[in-house]
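> Fold the following for me, if possible:
(chains A, B, C and D)
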Number of protein chains: 2
Amino acid sequence: MSLDDTDKRILTLLQKKGRMSNADLSEKVNLSPSACHRRVQRLEAEGYIRDYVALLDARKMGVPTTVFVEITLQAQADEVLDAFERAVALIPAVLECHLMAGSADYILKIVAEDTEDFARIHRQYLSRLPGVAQMQSSFALRTVFRTTALPV
Amino acid sequence: MSLDDTDKRILTLLQKKGRMSNADLSEKVNLSPSACHRRVQRLEAEGYIRDYVALLDARKMGVPTTVFVEITLQAQADEVLDAFERAVALIPAVLECHLMAGSADYILKIVAEDTEDFARIHRQYLSRLPGVAQMQSSFALRTVFRTTALPV
DNA sequence: TGTGAAATAATTTTTCC
DNA sequence: GGAAAAATTATTTCACA
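Numbering: from 1, shown residues only, chains lettered A, B, ... in the order given. Have a look, this model is predicted:
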(Lines give C-alpha, C1' and ligand atoms only; values in the text may rest on other atoms or scores of the structure.)
Protein backbone atom coordinates (compact mmCIF):
# COMPACT_ATOMS: atom_id res chain seq x y z
CA MET A 1 0.00 0.00 0.00
CA SER A 2 2.63 2.56 0.98
CA LEU A 3 6.26 3.18 0.14
CA ASP A 4 9.29 2.54 2.29
CA ASP A 5 12.71 4.06 1.75
CA THR A 6 13.78 1.30 -0.62
CA ASP A 7 10.71 1.80 -2.79
CA LYS A 8 11.40 5.51 -2.91
CA ARG A 9 14.98 4.88 -3.88
CA ILE A 10 13.85 2.58 -6.67
CA LEU A 11 11.42 5.18 -7.97
CA THR A 12 14.04 7.89 -7.86
CA LEU A 13 16.45 5.77 -9.85
CA LEU A 14 13.89 4.64 -12.42
CA GLN A 15 12.73 8.20 -12.93
CA LYS A 16 16.28 9.00 -14.03
CA LYS A 17 17.13 5.84 -15.93
CA GLY A 18 14.04 3.90 -16.83
CA ARG A 19 15.99 1.18 -18.59
CA MET A 20 18.45 0.49 -15.82
CA SER A 21 18.82 -3.26 -15.53
CA ASN A 22 17.27 -5.00 -12.58
CA ALA A 23 20.72 -6.22 -11.59
CA ASP A 24 22.09 -2.67 -11.41
CA LEU A 25 19.02 -1.44 -9.63
CA SER A 26 19.11 -4.19 -7.05
CA GLU A 27 22.74 -3.43 -6.33
CA LYS A 28 22.10 0.29 -5.84
CA VAL A 29 19.29 -0.36 -3.38
CA ASN A 30 21.13 -3.19 -1.58
CA LEU A 31 18.68 -5.88 -2.46
CA SER A 32 18.90 -9.21 -4.24
CA PRO A 33 17.79 -9.14 -7.89
CA SER A 34 14.66 -11.14 -7.17
CA ALA A 35 13.60 -9.02 -4.21
CA CYS A 36 14.20 -5.87 -6.18
CA HIS A 37 12.29 -7.23 -9.12
CA ARG A 38 9.31 -7.98 -6.90
CA ARG A 39 9.37 -4.40 -5.64
CA VAL A 40 9.39 -3.00 -9.14
CA GLN A 41 6.53 -5.27 -10.17
CA ARG A 42 4.49 -4.08 -7.22
CA LEU A 43 5.20 -0.45 -8.05
CA GLU A 44 4.03 -1.08 -11.59
CA ALA A 45 0.97 -3.11 -10.62
CA GLU A 46 -0.20 -0.61 -8.02
CA GLY A 47 0.21 2.23 -10.47
CA TYR A 48 3.04 4.20 -8.91
CA ILE A 49 4.89 3.67 -12.15
CA ARG A 50 2.58 4.71 -14.96
CA ASP A 51 4.84 4.04 -17.89
CA TYR A 52 8.31 3.80 -19.29
CA VAL A 53 9.00 6.16 -22.16
CA ALA A 54 11.82 7.40 -24.34
CA LEU A 55 12.39 11.14 -24.13
CA LEU A 56 13.39 12.72 -27.41
CA ASP A 57 15.53 15.79 -27.91
CA ALA A 58 13.20 18.60 -28.95
CA ARG A 59 15.97 20.44 -30.80
CA LYS A 60 17.06 17.38 -32.78
CA MET A 61 13.42 16.65 -33.54
CA GLY A 62 13.05 20.11 -35.00
CA VAL A 63 10.68 21.57 -32.40
CA PRO A 64 12.90 23.70 -30.14
CA THR A 65 10.23 26.35 -29.61
CA THR A 66 7.88 26.12 -26.63
CA VAL A 67 4.80 28.29 -26.43
CA PHE A 68 2.35 28.63 -23.57
CA VAL A 69 -1.11 29.57 -24.72
CA GLU A 70 -3.71 30.85 -22.29
CA ILE A 71 -7.26 30.47 -23.46
CA THR A 72 -10.49 31.77 -21.98
CA LEU A 73 -13.75 30.17 -23.05
CA GLN A 74 -16.97 32.03 -23.67
CA ALA A 75 -18.96 29.79 -21.34
CA GLN A 76 -18.15 27.13 -18.80
CA ALA A 77 -20.91 24.63 -19.38
CA ASP A 78 -19.62 21.05 -19.40
CA GLU A 79 -20.53 20.59 -23.08
CA VAL A 80 -18.44 23.59 -24.01
CA LEU A 81 -15.46 22.35 -22.03
CA ASP A 82 -15.82 18.83 -23.44
CA ALA A 83 -15.97 20.03 -27.01
CA PHE A 84 -12.95 22.22 -26.45
CA GLU A 85 -10.93 19.47 -24.82
CA ARG A 86 -11.75 16.96 -27.51
CA ALA A 87 -10.62 19.40 -30.17
CA VAL A 88 -7.41 20.22 -28.32
CA ALA A 89 -6.53 16.55 -27.95
CA LEU A 90 -6.34 16.25 -31.73
CA ILE A 91 -3.56 18.82 -32.12
CA PRO A 92 -0.22 16.96 -32.28
CA ALA A 93 1.84 19.95 -31.18
CA VAL A 94 -0.01 20.30 -27.88
CA LEU A 95 1.88 18.48 -25.14
CA GLU A 96 -0.18 19.61 -22.18
CA CYS A 97 -3.60 21.00 -21.50
CA HIS A 98 -4.62 22.16 -18.05
CA LEU A 99 -7.95 23.51 -16.88
CA MET A 100 -7.15 26.35 -14.55
CA ALA A 101 -8.97 27.36 -11.40
CA GLY A 102 -11.16 30.45 -11.50
CA SER A 103 -13.00 31.14 -14.71
CA ALA A 104 -12.93 28.87 -17.76
CA ASP A 105 -9.26 29.24 -18.49
CA TYR A 106 -6.99 26.71 -20.07
CA ILE A 107 -3.23 26.67 -20.34
CA LEU A 108 -1.74 24.78 -23.28
CA LYS A 109 1.88 23.90 -23.72
CA ILE A 110 2.76 23.70 -27.39
CA VAL A 111 5.95 22.90 -29.29
CA ALA A 112 6.80 24.26 -32.72
CA GLU A 113 9.68 24.49 -35.17
CA ASP A 114 9.83 28.27 -34.84
CA THR A 115 7.53 31.23 -34.57
CA GLU A 116 6.40 30.83 -38.14
CA ASP A 117 5.47 27.22 -37.56
CA PHE A 118 3.54 28.32 -34.50
CA ALA A 119 1.67 30.79 -36.70
CA ARG A 120 0.69 27.87 -38.89
CA ILE A 121 -0.45 25.84 -35.87
CA HIS A 122 -2.45 28.83 -34.77
CA ARG A 123 -4.13 29.29 -38.13
CA GLN A 124 -4.72 25.63 -38.71
CA TYR A 125 -5.82 24.53 -35.26
CA LEU A 126 -5.96 27.09 -32.48
CA SER A 127 -8.05 29.65 -34.35
CA ARG A 128 -10.63 26.92 -35.01
CA LEU A 129 -11.07 25.71 -31.46
CA PRO A 130 -14.72 25.93 -30.37
CA GLY A 131 -15.99 28.27 -27.68
CA VAL A 132 -12.91 30.44 -27.39
CA ALA A 133 -13.32 33.98 -26.09
CA GLN A 134 -9.69 35.00 -25.66
CA MET A 135 -6.29 33.63 -26.49
CA GLN A 136 -2.87 34.83 -25.44
CA SER A 137 0.41 33.24 -26.50
CA SER A 138 3.71 33.48 -24.63
CA PHE A 139 6.91 32.28 -26.24
CA ALA A 140 9.64 30.61 -24.28
CA LEU A 141 13.02 32.10 -25.11
CA ARG A 142 14.88 29.28 -23.41
CA THR A 143 13.95 26.23 -21.37
CA VAL A 144 16.07 26.57 -18.26
CA PHE A 145 15.23 23.04 -17.23
CA ARG A 146 12.54 20.50 -17.60
CA THR A 147 12.23 17.20 -15.81
CA THR A 148 9.63 14.47 -15.70
CA ALA A 149 10.81 13.37 -12.27
CA LEU A 150 8.35 13.96 -9.47
CA PRO A 151 9.65 14.64 -5.97
CA VAL A 152 9.66 11.30 -4.09
CA MET B 1 21.96 12.21 -40.31
CA SER B 2 18.23 12.41 -41.00
CA LEU B 3 15.24 10.24 -40.27
CA ASP B 4 13.34 8.03 -42.65
CA ASP B 5 9.84 6.69 -42.06
CA THR B 6 11.11 3.64 -40.20
CA ASP B 7 13.14 5.79 -37.84
CA LYS B 8 10.10 7.93 -37.18
CA ARG B 9 7.98 4.89 -36.49
CA ILE B 10 10.58 3.62 -34.04
CA LEU B 11 10.65 6.94 -32.24
CA THR B 12 6.88 7.11 -32.09
CA LEU B 13 6.71 3.65 -30.56
CA LEU B 14 9.52 4.21 -28.07
CA GLN B 15 7.95 7.47 -26.97
CA LYS B 16 4.91 5.45 -25.93
CA LYS B 17 6.56 2.33 -24.58
CA GLY B 18 10.19 2.93 -23.80
CA ARG B 19 10.78 -0.58 -22.60
CA MET B 20 9.29 -2.36 -25.55
CA SER B 21 11.59 -5.25 -26.41
CA ASN B 22 13.69 -4.99 -29.50
CA ALA B 23 11.95 -8.09 -30.85
CA ASP B 24 8.51 -6.47 -30.58
CA LEU B 25 9.78 -3.22 -31.97
CA SER B 26 11.43 -4.87 -34.96
CA GLU B 27 8.23 -6.72 -35.72
CA LYS B 28 6.10 -3.56 -35.62
CA VAL B 29 8.41 -1.74 -38.01
CA ASN B 30 8.91 -4.74 -40.32
CA LEU B 31 12.61 -5.10 -39.72
CA SER B 32 14.86 -7.86 -38.53
CA PRO B 33 15.83 -7.63 -34.85
CA SER B 34 19.43 -6.75 -35.66
CA ALA B 35 18.55 -4.09 -38.20
CA CYS B 36 16.07 -2.58 -35.79
CA HIS B 37 18.59 -2.69 -32.98
CA ARG B 38 21.12 -0.84 -35.09
CA ARG B 39 18.56 1.83 -35.86
CA VAL B 40 17.80 2.33 -32.20
CA GLN B 41 21.49 2.52 -31.37
CA ARG B 42 21.97 5.19 -33.98
CA LEU B 43 19.02 7.17 -32.68
CA GLU B 44 20.53 7.02 -29.22
CA ALA B 45 24.08 7.81 -30.32
CA GLU B 46 23.03 10.76 -32.44
CA GLY B 47 20.97 12.16 -29.61
CA TYR B 48 17.47 11.85 -31.00
CA ILE B 49 16.69 9.73 -27.97
CA ARG B 50 17.84 11.64 -24.93
CA ASP B 51 16.83 9.19 -22.24
CA TYR B 52 14.58 6.47 -21.07
CA VAL B 53 12.62 7.24 -17.93
CA ALA B 54 9.85 5.88 -15.77
CA LEU B 55 6.86 8.18 -15.47
CA LEU B 56 5.21 8.14 -12.07
CA ASP B 57 1.58 8.79 -11.25
CA ALA B 58 1.39 12.24 -9.67
CA ARG B 59 -1.78 11.37 -7.76
CA LYS B 60 -0.35 8.15 -6.33
CA MET B 61 2.81 10.02 -5.45
CA GLY B 62 0.80 12.50 -3.45
CA VAL B 63 1.35 15.56 -5.66
CA PRO B 64 -1.84 15.88 -7.71
CA THR B 65 -1.76 19.67 -7.71
CA THR B 66 -0.07 21.55 -10.53
CA VAL B 67 0.64 25.26 -10.23
CA PHE B 68 2.01 27.59 -12.87
CA VAL B 69 3.94 30.48 -11.40
CA GLU B 70 4.78 33.52 -13.46
CA ILE B 71 7.67 35.53 -12.15
CA THR B 72 9.04 38.87 -13.23
CA LEU B 73 12.54 39.84 -12.21
CA GLN B 74 13.62 43.30 -11.15
CA ALA B 75 16.47 43.39 -13.64
CA GLN B 76 17.58 41.33 -16.60
CA ALA B 77 21.33 41.37 -16.21
CA ASP B 78 22.86 37.93 -16.78
CA GLU B 79 24.05 37.69 -13.17
CA VAL B 80 20.51 38.26 -11.94
CA LEU B 81 19.11 35.61 -14.24
CA ASP B 82 21.86 33.16 -13.33
CA ALA B 83 21.36 33.59 -9.61
CA PHE B 84 17.63 33.16 -10.04
CA GLU B 85 17.98 30.04 -12.18
CA ARG B 86 20.45 28.43 -9.81
CA ALA B 87 18.11 29.02 -6.89
CA VAL B 88 15.12 27.65 -8.80
CA ALA B 89 17.00 24.49 -9.74
CA LEU B 90 17.28 23.60 -6.05
CA ILE B 91 13.53 23.46 -5.46
CA PRO B 92 12.41 19.82 -5.78
CA ALA B 93 8.79 20.67 -6.56
CA VAL B 94 9.71 22.67 -9.67
CA LEU B 95 9.43 20.47 -12.74
CA GLU B 96 9.97 23.10 -15.39
CA CYS B 97 11.46 26.56 -15.66
CA HIS B 98 11.19 28.58 -18.85
CA LEU B 99 12.60 32.00 -19.61
CA MET B 100 9.93 33.81 -21.56
CA ALA B 101 10.37 36.23 -24.42
CA GLY B 102 9.82 39.89 -23.77
CA SER B 103 10.83 41.19 -20.37
CA ALA B 104 12.55 39.11 -17.71
CA ASP B 105 9.69 36.74 -17.13
CA TYR B 106 9.87 33.14 -16.05
CA ILE B 107 7.20 30.50 -16.01
CA LEU B 108 7.60 27.71 -13.47
CA LYS B 109 5.61 24.51 -13.36
CA ILE B 110 5.32 23.25 -9.83
CA VAL B 111 3.69 20.21 -8.25
CA ALA B 112 2.32 20.11 -4.72
CA GLU B 113 0.23 17.93 -2.45
CA ASP B 114 -2.50 20.55 -2.26
CA THR B 115 -2.90 24.29 -1.94
CA GLU B 116 -1.61 24.25 1.60
CA ASP B 117 1.51 22.41 0.56
CA PHE B 118 1.98 24.96 -2.19
CA ALA B 119 1.73 27.70 0.44
CA ARG B 120 4.61 25.97 2.24
CA ILE B 121 6.65 25.75 -0.96
CA HIS B 122 5.96 29.40 -1.51
CA ARG B 123 7.04 30.41 1.99
CA GLN B 124 10.04 28.13 2.06
CA TYR B 125 11.39 28.61 -1.45
CA LEU B 126 9.57 30.93 -3.81
CA SER B 127 9.42 33.91 -1.47
CA ARG B 128 13.19 33.66 -1.06
CA LEU B 129 14.15 33.62 -4.71
CA PRO B 130 16.58 36.44 -5.53
CA GLY B 131 15.73 39.38 -7.78
CA VAL B 132 11.99 38.83 -7.94
CA ALA B 133 9.78 41.82 -8.70
CA GLN B 134 6.44 40.11 -9.19
CA MET B 135 4.97 36.67 -8.77
CA GLN B 136 1.62 35.31 -9.82
CA SER B 137 0.41 31.77 -9.19
CA SER B 138 -2.27 29.96 -11.20
CA PHE B 139 -3.66 26.65 -9.97
CA ALA B 140 -4.60 23.89 -12.31
CA LEU B 141 -8.01 22.50 -11.46
CA ARG B 142 -7.51 19.46 -13.64
CA THR B 143 -4.85 18.22 -16.03
CA VAL B 144 -6.79 17.46 -19.19
CA PHE B 145 -3.81 15.67 -20.65
CA ARG B 146 -0.10 15.67 -20.52
CA THR B 147 2.31 13.83 -22.75
CA THR B 148 6.06 13.68 -23.10
CA ALA B 149 5.76 12.57 -26.72
CA LEU B 150 6.95 15.09 -29.26
CA PRO B 151 5.34 15.17 -32.70
CA VAL B 152 7.48 13.07 -35.06
C1' DT C 1 26.47 0.77 -46.76
C1' DG C 2 22.57 -1.52 -45.14
C1' DT C 3 20.32 -5.90 -44.14
C1' DG C 4 19.16 -10.56 -42.06
C1' DA C 5 20.35 -15.13 -39.64
C1' DA C 6 22.51 -17.25 -36.20
C1' DA C 7 25.44 -17.52 -32.07
C1' DT C 8 26.68 -15.58 -27.73
C1' DA C 9 26.13 -12.80 -23.72
C1' DA C 10 23.23 -10.58 -20.54
C1' DT C 11 18.96 -9.95 -18.45
C1' DT C 12 14.39 -10.76 -16.89
C1' DT C 13 11.32 -13.69 -14.65
C1' DT C 14 9.98 -17.77 -12.21
C1' DT C 15 10.37 -21.34 -8.79
C1' DC C 16 11.74 -22.91 -4.59
C1' DC C 17 13.75 -22.19 -0.08
C1' DG D 1 13.99 -11.45 1.40
C1' DG D 2 17.54 -14.62 -1.17
C1' DA D 3 19.53 -18.34 -4.47
C1' DA D 4 19.41 -20.62 -8.48
C1' DA D 5 17.12 -22.22 -12.67
C1' DA D 6 14.48 -21.18 -16.74
C1' DA D 7 12.89 -18.16 -20.25
C1' DT D 8 13.40 -14.20 -22.71
C1' DT D 9 16.00 -10.52 -24.59
C1' DA D 10 20.00 -7.73 -26.02
C1' DT D 11 24.10 -7.68 -28.55
C1' DT D 12 27.71 -9.28 -31.47
C1' DT D 13 29.45 -11.64 -35.38
C1' DC D 14 29.34 -12.86 -39.90
C1' DA D 15 27.61 -13.57 -44.52
C1' DC D 16 25.06 -11.51 -48.26
C1' DA D 17 23.08 -8.02 -51.48
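> In contact with the residue lying farthest from the centre of chain A, which residues are there?
Of all residues in chain A, A:Ser32 has its C-alpha farthest from the mean position, at 33.2 Å, by CA atoms, centre = their mean. By CB atoms under 8 Å, 6 or more residues apart in numbering or on different chains, the contact list for A:Ser32 reads A:Ser26. No exception for glycine: its C-beta is placed from N, CA and C like everyone else's.
> Equivalent analysis for A:Ala35, please.
A:Ala35 neighbours (CB under 8 Å, 6+ apart): A:Ser26.
> ok, now how distant is it from DNA strand C?
Distance of A:Ala35 to DNA strand C, computed by CB to the nearest atom of the strand, to the nearest Å: 9 Å.
> Can you tell me the element that residue falls in?
helix A:33-45 (DSSP states H and E).
> What residues sit buried inside that helix?
Residues of helix A:33-45 classed as buried by neighbour count (16 or more other CB atoms under 10 Å in any protein chain shown): A:Cys36, A:Arg39, A:Val40, A:Leu43.
> quick one: the following helix or strand past that helix near DNA strand D?
Moving toward the C-terminus from helix A:33-45, the next helix or strand (DSSP H and E) is strand A:49-56. No - counting by CB under 7 Å from any atom of the strand, DNA strand D has no neighbours in strand A:49-56; the shortest distance is 11.4 Å.
> Could you tell me the angle between strand A:49-56 and helix A:33-45?
Orientation check (axes from the mean of the first three to the mean of the last three CA atoms, to 10 degrees): strand A:49-56 against helix A:33-45 gives 90 degrees.
> Need the contact partners of strand A:49-56.
Contacts for strand A:49-56 (CB under 8 Å, 6+ apart): A:11, A:14, A:18-19, A:40, A:43, A:148, B:11, B:14-19, B:48-57, B:148-150, B:152.
> Just the buried subset of those residues, please.
The neighbour-count test (16+ other CB under 10 Å) marks A:11, A:14, A:18, A:40, A:43, A:148, B:11, B:14-15, B:18, B:48-49, B:51-57, B:148-150, B:152 as buried among the contacts of strand A:49-56.
> Point out the residues in chain A that sit beside DNA strand C.
Within chain A, the residues that sit near DNA strand C (CB under 7 Å from any atom of the strand) are A:Met20, A:Ser21, A:Asn22, A:Ala23, A:Asp24, A:Pro33, A:Ser34, A:His37, A:Arg38, A:Gln41.
> at 10 Å instead, please
By CB under 10 Å from any atom of the strand, the residues of chain A that approach DNA strand C are A:19-26, A:32-38, A:40-41, A:44.
> Go through stretch A:83-101 and flag the buried ones.
Those would be A:84-85, A:87-88, A:91, A:93-100, for stretch A:83-101 by 16+ other CB under 10 Å.
> Greatest separation within those residues: which pair is it?
Greatest spacing in the buried residues of stretch A:83-101, by CB to CB: A:Ala93 and A:Met100 (19.9 Å).
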